[in-house]
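Participant: sequence first, predicted coordinates after that:
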Amino acid sequence: MSNSSNKSVTLKEVAEAAGVSVSTASRALSGKAEACRISSATEQSVREAAKKLQFSPSLLARSLRSQQTKLLGVVLPNVANPFFAAIAREITLAAEADGYSVLLTDSQENGETEARLVEQLQARQIEGLVVCPVGMDETHLCKLANQKLPLVLVDRGFDNRDLVTVTSDHQSGARIAMNELLDAGHRTIGILQGLPETLPNRERLSGVQDSLSAAGLDFDPMLIAGHHFDEASGYQAALRLLTTRPEITALFAFSNQNALGALRAAAEMGRAIPDDLSLIAFDDFPFAAYLAAPLTSVSQDVSQLGQVAAQLLLEQIRSSVPPEQKQYRIPVQLMRRSSIKNIG
């Protein structure tokens, strides 16, 4: 059975299929058969195995000459999410403009899957890696950095300041969102959080606390619900808060997917937006302006996140040294629409 991608076949597999050593396969495919006294029959056998497995000798020759694979790895939590898809697109465009191909993988918001994918990408001899980490353990990523593999974290990160990280200004964005609700007179605000303990979630909660403190209001942990950045978590968290705390007049969703879940929950409970419930989200998305109640949101500059991450990675590959500045914060912007009612 032929393989669907040149990149998925290794020289070792070609050698095994031809019944020769890896070094013999390499010499046969790089035009050195006669010089290395490899019989024409053996050379033909290797070339037939390579053709059957769709392994490209030209790719082998180029990588042997330059010691480069021109491959970059990207690990994202959910490539179906428009936010991460947009980041992937920017990285891919920048990579291709520089002659690189991108191996894109989906960790499915699972830390163990992420670690396995990183290991698999390493085995493919990638020259650099962009990761949006999903867990709280950066051990496998620190290991890569110690091995001098060019690495950039995007959107999420860790307290480890030695890892090159590109994220939005989460804390400032959360303050902007909360101030928008507070300025409209809302005082009982439910928080639909994402994945607890991740950097974006922690910094957004910190921004919430900043705004409440500045307004002379207490921070009530019982007004926080949710366990993920997806639609299901937003739905369940909104149902729980609106049921247990019916006096809530506004919700702040920590992601666009959380906001979609909140919209479903509000509709089921007969809470019209914005008349009966105001809603703001961290993350804009293409259809936010076209909802029945166009959604006010804090917009992340997704293009800039992807472009900066790609540029930092390519610069590391060229120079073989990490950048002096490790932490990059991309400004956010309020997209004011009509999902917030002034009750002040």
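Facilitator: Now that the structure is in, tell me what you want to look at. Numbering: from 1, shown residues only.
Participant: which of the helices and strands in the protein ranks last by mean pLDDT?
Facilitator: Ranked by mean pLDDT, DSSP states H and E, the weakest helix or strand in the chain is helix 57-66, scoring a mean of 52.
Participant: all strands of the chain, in order?
Facilitator: For the chain, the strands defined by DSSP state E cover 71-76, 101-106, 128-131, 151-154, 165-168, 189-192, 224-225, 250-253, 278-282, 296-300, 327-330, 332-335.
Participant: of all these, which lies closest to residue 312?
Facilitator: Of all these, it is strand 151-154 that lies closest to residue 312, at 5.0 Å by CB to CB. Yep, even glycine has a C-beta here, placed from its N, CA and C like the rest.
Participant: strands paired with the closest one, and their directions?
Facilitator: Partners of strand 151-154 in the sheet, by DSSP bridges, are strand 128-131 (parallel), strand 165-168 (parallel).
Participant: still on that earlier bit, tabulate the strands of the chain (TSV), appending mean pLDDT.
Facilitator: Listed next are the strands of the chain as TSV, based on pLDDT from 0 to 100:
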stretch	mean pLDDT
strand 71-76	96
strand 101-106	96
strand 128-131	97
strand 151-154	97
strand 165-168	96
strand 189-192	98
strand 224-225	98
strand 250-253	98
strand 278-282	98
strand 296-300	97
strand 327-330	96
strand 332-335	98
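Participant: quick check: angle from the helix ranked longest in the chain to strand 71-76?
Facilitator: Ordering each helix of the chain by length in residues (DSSP state H) puts helix 302-319 first. Interaxial angle, helix 302-319 versus strand 71-76 (axes from the mean of the first three to the mean of the last three CA atoms, to 10 degrees): 140 degrees.
Participant: which residues touch helix 302-319?
Facilitator: 72, 83, 86-91, 93-95, 98, 100, 127-130, 150-152, 154-155, 164, 166-168, 322-323, 328, 330 (CB atoms under 8 Å, 6 or more residues apart in numbering).
Participant: cool, and stretch 97-109?
Facilitator: 7, 70-79, 88, 91-92, 95-96, 113-114, 117, 120-121, 124, 126-127, 134, 195, 228-230, 314.
Participant: next: stretch 159-167.
Facilitator: With CB under 8 Å, 6+ apart as the test, stretch 159-167 has contacts from 138, 141-142, 145, 151-158, 199-200, 305, 308-309, 312, 316, 322-323, 326-330.
Participant: so the longest helix of the chain versus strand 101-106, what angle?
Facilitator: 130 degrees.
Participant: what residues of helix 302-319 count as buried?
Facilitator: Neighbour-count burial for helix 302-319, counted by 16 or more other CB atoms under 10 Å, picks out 302, 305-317.
Participant: residue 196: neighbouring residues, count only.
Facilitator: Using other CB atoms under 10 Å, residue 196 is surrounded by 13 other residues.
Participant: next one, pLDDT for the nearest residue to it once chain neighbours are set aside please.
Facilitator: Leaving aside its sequence neighbours, residue 196 sits nearest to residue 227 (CB to CB, 6 or more residues apart in numbering; 6.6 Å). For residue 227, the pLDDT comes out at 95.
Participant: could you measure from residue 227 over to residue 193?
Facilitator: From residue 227 across to residue 193, the span is 8 Å (CB to CB, to the nearest Å).
Participant: who's more crowded, these two?
Facilitator: Set side by side, residue 227 and residue 193 show more neighbours around residue 193, with 26 against 13, by other CB under 10 Å.
Participant: isn't that one up against residue 251?
Facilitator: No - using CB atoms under 8 Å, residue 193 is not in contact with residue 251; the gap is 11.2 Å.
Participant: and residue 116, how far is that from residue 32?
Facilitator: Distance of residue 116 to residue 32, computed by CB to CB: 36 Å.
Participant: and residue 335, what is it in contact with?
Facilitator: By CB under 8 Å, 6+ apart, the contact list for residue 335 reads 284, 288, 289, 296, 297, 298, 299.
Participant: taking those, tell me the two that lie furthest apart.
Facilitator: Once CB to CB is applied, these give 289 and 298 as the farthest pair, at 14.4 Å.
Participant: what about the two, which has more around it?
Facilitator: Taking other CB under 10 Å, residue 289 and residue 298 do not tie; residue 298 has more neighbours (27 against 13).
Participant: what's opposite that one in the beta bridge?
Facilitator: Beta bridges link residue 298 to residue 282, residue 334 when assigned by DSSP bridges.
Participant: how close does it get to residue 225?
Facilitator: 19 Å.
Participant: ok, residue 333 next?
Facilitator: Taking CB to CB, one finds residue 333 at 27 Å from residue 225.
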